[in-house]
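Chemist: Here is a sequence with its predicted model. Questions after.
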Amino acid sequence: MKKNILIIGGGPAGLEAAASLKHSGNNIILIEKSHQLGGHLARWDRLFPDGIRAREVLDKMIASLDGVNYFTDTDIAQINILDRSYSVILSNGISVLADAVLMATGFDLFDARKKEEYGYGIYDQVITNADLEDWFRTREDSRIDHPKRIGFVHCVGSRDEKSGCRACSKVCCATAVKQACEIKAEFPDAQVYCFYMDLRMFGKHYEDLYLKAQKEYGIRFIRGRVSEVAEQIDKTLQVKAEDTLSSKPLKVTLDLLVLMSGIRPSQNLEPVRKALQLAKDDDGFINERDAVYELQKTSMPGLFVAGAVTGPKTLPDTLAEARAAALQILSYLADNDKKPAK
Amino acid sequence: MDLNRVDQEKYARLVKLEPDVTCCIGCGSCTASCSAGVFSRTSLRSALLALQNGKEQEALSLLGACMFCGKCLMVCPRGLNTRHMILSIHKIYSET
Amino acid sequence: MIYEGKKKIWSDYQKEIPDDHYFYVRSCIRQSFFPASEATFLDITRNRLGKDIFETEHHTTCGGIAYHSDTIPQETVMTIVARQFALMKKYGYENYVCSCITSFGLYSEILETWHEFPELQEKIARLLKESCGLEFAKPKYLIHASDLIYKYRNLIAAQAKFKLVNAKTGEPLRVVEHIGCHYSKMFPSKGVGGAEYPYVLTGMIDAWGGEVIDYPERRHCCGFGFRQYFIKGNRSYSLSNTHKKFESMEPYKPDMIITNCPGCPYFLDRWQYVIAESSGKTYGPDGQGIPVFTYEEVAGLVMGYDPWDLGLQTHQVPVEPLLDKLGIPYDPAKKYLGKNGKDLGKPEDTCFCCSGII
């Protein structure tokens, strides 16, 4: 018998799970709260470590949806837990009785204005990683006008308990090094600095990217967190940090400062999380059933998770989780069929 | 330290001669294994940072006791040509 | 600079400031540094705005200077503070307003400590009872006097005789605002506008017609910094901090500086003379310094008080060029006459700008 599987979120995790489930003989409904599919990926230009075009990856994902039902501009209006299913009313008025629900709701980028000392939204020449990706895609940003001195600040809203997040956001180091190389390629005369606390280049080819940044692009890596940014009379920025390897305070004038906003839990998810009685971690992300073996399951039967809904993930990790979640959902539905109804 | 005051022209000459200077990952293997460092403060890691931070005299003094034994060359995890680098630093930054 | 971004932060850091009925405590040092500031605060709030501001001669120092110099045990300083609060209650008040930023920071810190460690609060209440026979109390609202002038800034503007504009050109004066470190750096939520972009003085400047300057070292310490100055061997650090600030604000050509802390206006004012004497450098136009004011003095000027009644003759950097710019009349002959007309004595001509050294 055909089962209803509701996928919440039309980013990479939701798209990949939908594509993995489309030939399973079930009825897949994918909803996306914004007006387009792709989540944060739709905003990105190129991907670390090798610089693959984000648009090409996304186009492949959307193409492989191939007939899956999806609704954009659609959110959950109401969700109720029933015996063995979930009764869901969508914001477009459609009701779904879902036998399984996959939460692929992703993340919010940290609001860089909260790090007041960096002056995002106050000083003209301070931008975020997402702003820079926008510029790489569109070439439209008056703030980026042949900068000669450019800085990248790692760990903005990550590894920072005061801003509400003790954890590492996992993707910012590689993103910063990637963006540093890309902007140096655009402006070969520019001096580019990366301010890092630790460089967490853990993935395949990431260390190669780091070496390339040093060797080919001459990026200067400074081990120290930027403590304070101020605007000077000519709109350039005065940036202070400690070079912790020299144990000395340091300052430098920059024309552009890029803040690597970290990965934070999706605020939009809160009502759904509460309605489903799902526990969240100290850092605000949804708890998986356990952190090693049952990563795609939650405390609720029939409710699955994939991607950054449970914490920061790289794109390949997210896609792997989405495929894993699809298998787990099918296995859950098959097991459920064998159990006698209450 | 004020990075606005770094002699970028000299540093660029060094990088051209010794591309390896940009590739240090600050692990400290060179300093830890340095034969001269036992007797007087010697550290290629610190010297490279000093150059990048515009502390040229400090960099030279950190390398002044080097005996060119090549131990740092053996231990560098990135395989940088540390020994030759030290020679070039002296050559470029000792100019008056 | 994106003004809207600052407005967003200012709206995030609003603190509740009651309109009236305050118990007022003075600063240890302001009456000798800026002899008329506190009197002007009382005159403006009581007589011009009709507010109930009570003070008693029985209050003492808060102990802050000793506390920041590591020369007083914690229980002792807490008992001194508890006594101040107890006096407030004894005289029937629950809103506490203090003149000093160090006191404000210390009070905030102690209230927070008592909140976190109730057993310590109990101990202090007991010590207070034993030593002074007073009942322990905590203020319902703890306010710095600059918060209150900020609160009344529009009432003051409504009675203003002068604005912070150049009387000849009509251009707004360019004003540097400097906030005492202990106003909001320890507890950003307790300061109007927070710690990174405080609004308390900016709000006054906006309301009184001036234009605020945001320069790179705006957040930096004035140079007082307790240990930097109190320990003689460290005084060069004090001077270096002040020097750093002036070097940073110089390109913006400020007309004046307004502050809300006892130490800041003193050090920003006096060190300018030392910098001029030792290096020959001055930061104002025509070899002049940049005049530095307390917020009460600026409120007084705006409301039309006689500059000499505001104690401006005790400043190191002469204020006359700024008074001329503002179009505020003054009698040069009365500069060194006391309130009763008695000759205060004219200081030796130490004014760098007029001594012909340049």
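Modeler: That came through fine. Residues are numbered from 1 along each chain as shown, chains lettered A, B, ... in the order given.

Chemist: so where's chain C uncertain?
Modeler: Along chain C, the model assigns pLDDT under 70 to residues C:349-358.

Chemist: show me what contacts the residue positioned nearest the centre of it?
Modeler: For chain C, the residue nearest the mean C-alpha position is C:Asn260 (2.4 Å; C-alpha atoms, centre = their mean). Counting by C-beta atoms under 8 Å, 6 or more residues apart in numbering or on different chains, C:Asn260 touches C:Ile101, C:His144, C:Ser146, C:His178, C:Ile179, C:Gly180, C:Tyr183, C:Val200, C:Leu201, C:Thr294, C:Tyr295. Placement of C-beta: from N, CA and C, glycine included.

Chemist: domain assignment for the chain?
Modeler: Because you didn't say which chain, this covers chain A. A:4-106+A:266-338, A:112-262 (automatic domain parsing).

Chemist: could you do chain C instead?
Modeler: C:17-145, C:154-354.

Chemist: just so I know, which of the ones you listed lies nearest B:Arg41?
Modeler: Minimum separation from B:Arg41 across these (C-beta to C-beta) falls at domain C:154-354, 27.2 Å.

Chemist: quick one, phi psi at the residue nearest to C:Gln313 when sequence neighbours are not counted?
Modeler: In this structure, C:Gln313 finds its nearest non-sequential neighbour in C:Lys335, 4.8 Å apart by C-beta to C-beta, 6 or more residues apart in numbering or on different chains. Backbone torsions for C:Lys335, taken as degrees, to the nearest 10, come to phi -50, psi -40.

Chemist: residues in contact with the helix or strand where A:Ala334 lies?
Modeler: Per DSSP states H and E: A:Ala334 is located in helix A:315-338. Defining contact as C-beta under 8 Å, 6+ apart, one finds that helix A:315-338 is touched by A:1, A:3, A:5, A:12-17, A:20-21, A:24, A:26, A:41, A:47, A:57, A:84, A:99-100, A:102, A:104, A:203, A:295-297, A:301-302, A:304-308, A:313.

Chemist: Please check those residues and keep the buried ones.
Modeler: A:3, A:5, A:12-17, A:20-21, A:24, A:26, A:41, A:47, A:57, A:99-100, A:102, A:104, A:203, A:295-297, A:302, A:304-308, A:313 (16 or more other C-beta atoms under 10 Å in any protein chain shown).

Chemist: show me the residues around the residue in the stretch 51-200 of chain C that chain A sits nearest to that make contact.
Modeler: The nearest approach of the stretch 51-200 of chain C to chain A comes at C:Glu196, 3.9 Å away (C-beta to the nearest C-beta). Neighbouring residues of C:Glu196 by C-beta under 8 Å, 6+ apart: A:Glu116, A:Glu117, C:Ile9, C:Pro188, C:Arg219.

Chemist: can I get those residues in JSON lines with secondary structure and distance to A:Thr244?
Modeler: Listed next are those as JSON lines, based on DSSP: H, G, I helix; E, B strand; the rest coil; distance: C-beta to C-beta, whole Å:
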{"residue": "A:Glu116", "secondary structure": "helix", "distance to A:Thr244": "23"}
{"residue": "A:Glu117", "secondary structure": "helix", "distance to A:Thr244": "18"}
{"residue": "C:Ile9", "secondary structure": "helix", "distance to A:Thr244": "29"}
{"residue": "C:Pro188", "secondary structure": "helix", "distance to A:Thr244": "26"}
{"residue": "C:Arg219", "secondary structure": "coil", "distance to A:Thr244": "22"}
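
Chemist: Mind giving me the ChimeraX command for buried ones among these?
Modeler: Restricted to buried positions by 16+ other C-beta under 10 Å, the ChimeraX selection for the contacts of C:Glu196 reads:
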select /A:116 /C:9,188,219
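
Chemist: Now do the helix or strand harbouring C:Gln272: distance to the chain's middle.
Modeler: Taking DSSP H and E as the definition, one finds C:Gln272 inside helix C:263-279. How far helix C:263-279 lies from its chain's middle: 17 Å, per C-alpha atoms, centre = their mean, to the nearest Å.

Chemist: same for that helix, what does it pack against?
Modeler: helix C:235-249, strand C:256-259, strand C:292-294 (3 or more C-beta pairs under 8 Å, 6 or more residues apart in numbering or on different chains; DSSP states H and E).

Chemist: so where's the chain shaky on pLDDT?
Modeler: Picking chain A for this. In chain A (pLDDT under 70), the answer is A:341-342.

Chemist: my bad, chain B
Modeler: B:96.

Chemist: of the contacts of C:Asn260, closest to A:Asp208?
Modeler: C:Ile179 (48.2 Å).

Chemist: in what helix or strand does the residue nearest to the closest one when sequence neighbours are not counted lie?
Modeler: Residue nearest to C:Ile179 in three dimensions, not counting chain neighbours: C:Pro198, with 4.6 Å by C-beta to C-beta, 6+ apart. Assignment of secondary structure by DSSP H and E places C:Pro198 within no helix or strand.

Chemist: could you measure C:Pro198 against C:Lys185, distance?
Modeler: 9 Å (C-beta to C-beta, to the nearest Å).

Chemist: Then A:Phe195?
Modeler: Relative to C:Lys185, and taking C-beta to C-beta, A:Phe195 is found at 23 Å.

Chemist: Between those two, which has more neighbouring residues?
Modeler: The neighbour count for A:Phe195 versus C:Lys185, taken as other C-beta atoms under 10 Å in any protein chain shown, is higher for A:Phe195 (26 against 17).

Chemist: Just say helix, strand or coil for the more buried one.
Modeler: strand (DSSP: H, G, I helix; E, B strand; the rest coil).

Chemist: Surely it touches A:Gly224?
Modeler: Yes: between A:Phe195 and A:Gly224 there is a contact at 6.1 Å, judged by C-beta atoms under 8 Å.

Chemist: shared neighbours of those two, anything?
Modeler: Common neighbours of A:Phe195 and A:Gly224 (C-beta under 8 Å, 6+ apart) are A:Ala241.

Chemist: Most proximal residue of chain B with respect to chain A?
Modeler: B:Leu3 (3.6 Å).

Chemist: Who are the contact partners of that residue?
Modeler: B:Leu3 sits next to A:Tyr193, A:Leu250, A:Lys251, A:Val252, A:Thr253, B:Asn53, B:Gly54 when contact means C-beta under 8 Å, 6+ apart.

Chemist: what does C:Ser69 give?
Modeler: C:Phe226, C:Arg227, C:Phe230.

Chemist: From C:Gly63, how far off is it?
Modeler: C:Ser69 is 10 Å from C:Gly63, by C-beta to C-beta.
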